[in-house]
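>>> predicted model and sequence below, questions to follow.
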Amino acid sequence: MGPHHTNRVILLTGDGKGKTTSALGMVLRAVGHGLRVCVVQFIKQCTDTGEAQALRLLPGVEHLVCGKGFVRECTGEAFEAHAQAARAGLAQAAERLCDPACGMVVLDEVCGAVSLGLLDAQAVVGVLAEAAPGTVVVLTGRDAPPELLELADTVCIVSCEKHAYEQGCPAQPGVEW
């Protein structure tokens, strides 16, 4: 079967900058071809980033922010609130993945949500298995689990050779957010 009859899973992972940016480039291409797209962002909480503002301007794009912000040092009830938000985001992603009218679904930072223990890798695999035929799925985030690496048709490891932040250059609107 050709690419229009089967699902495609693209995984962007690694410690480098540009995983979400690359996924959003695919969103632009999909919109340019008339596809309906859903971008589900895990972990991230901000709705005023440049990407969030741009996504609101694109026809046929739904943007769901399903995170509670940075979670690395949370424990107890705070951690559970992050996990609950991630599970709710995965449920919303599952609905979009099952919708044959939705041509592309991006699960941004889903790998991070798994590696931090907010989501179970098998739960993500199960949701992806139910995707409507022809759906393109883009997964992003650091520390991709083996289950998602195995499942993906295309895996890109984004590495960082050097970063301006390490040289004292602050994060810049339009570049980092």
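Sure thing, it's come through. Numbers count the residues shown, from 1 in each chain.
>>> a strand runs through residue 103, doesn't it?
Yes: Residue 103 sits within a strand when classified using DSSP: H, G, I helix; E, B strand; the rest coil.
>>> which residues does it contact?
Under the criterion of Cβ atoms under 8 Å, 6 or more residues apart in numbering, the neighbours of residue 103 are 30, 35, 36, 37, 134, 135, 136. All C-beta atoms are positioned from the backbone trio N, CA, C, and that covers glycine.
>>> and the fourth one, which helix or strand is it part of?
Spelled out, that is residue 37. strand 36-41 (DSSP states H and E).
>>> CA atoms only: put that strand into PDB for me.
This file holds the C-alpha atoms of strand 36-41, laid out as PDB (Å, rounded to 0.1, in the frame of the first residue of the first chain):
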ATOM      1  CA  ARG A  36      -6.500  19.100   8.800                       C
ATOM      2  CA  VAL A  37      -4.000  18.900  11.600                       C
ATOM      3  CA  CYS A  38      -4.100  18.600  15.400                       C
ATOM      4  CA  VAL A  39      -1.100  19.600  17.500                       C
ATOM      5  CA  VAL A  40      -1.200  18.200  21.100                       C
ATOM      6  CA  GLN A  41       1.500  19.700  23.400                       C
END
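>>> so which residues of this structure form helices?
Taking DSSP state H as the criterion, the chain carries its helices at 19-32, 50-57, 76-98, 110-115, 121-129, 146-151.
>>> you'd agree residue 109 is up against residue 141?
Yes: using Cβ atoms under 8 Å, residue 109 and residue 141 qualify as a contacting pair, with a distance of 4.5 Å.
>>> what's the average pLDDT for stretch 109-129?
Predicted confidence along stretch 109-129 averages 97 (mean pLDDT).
>>> helices or strands up against the strand holding residue 37?
Here strand 36-41 is seen to pack against helix 19-32, strand 61-65, helix 76-98, strand 102-108 when contacts are counted using 3 or more Cβ pairs under 8 Å, 6 or more residues apart in numbering; DSSP states H and E.
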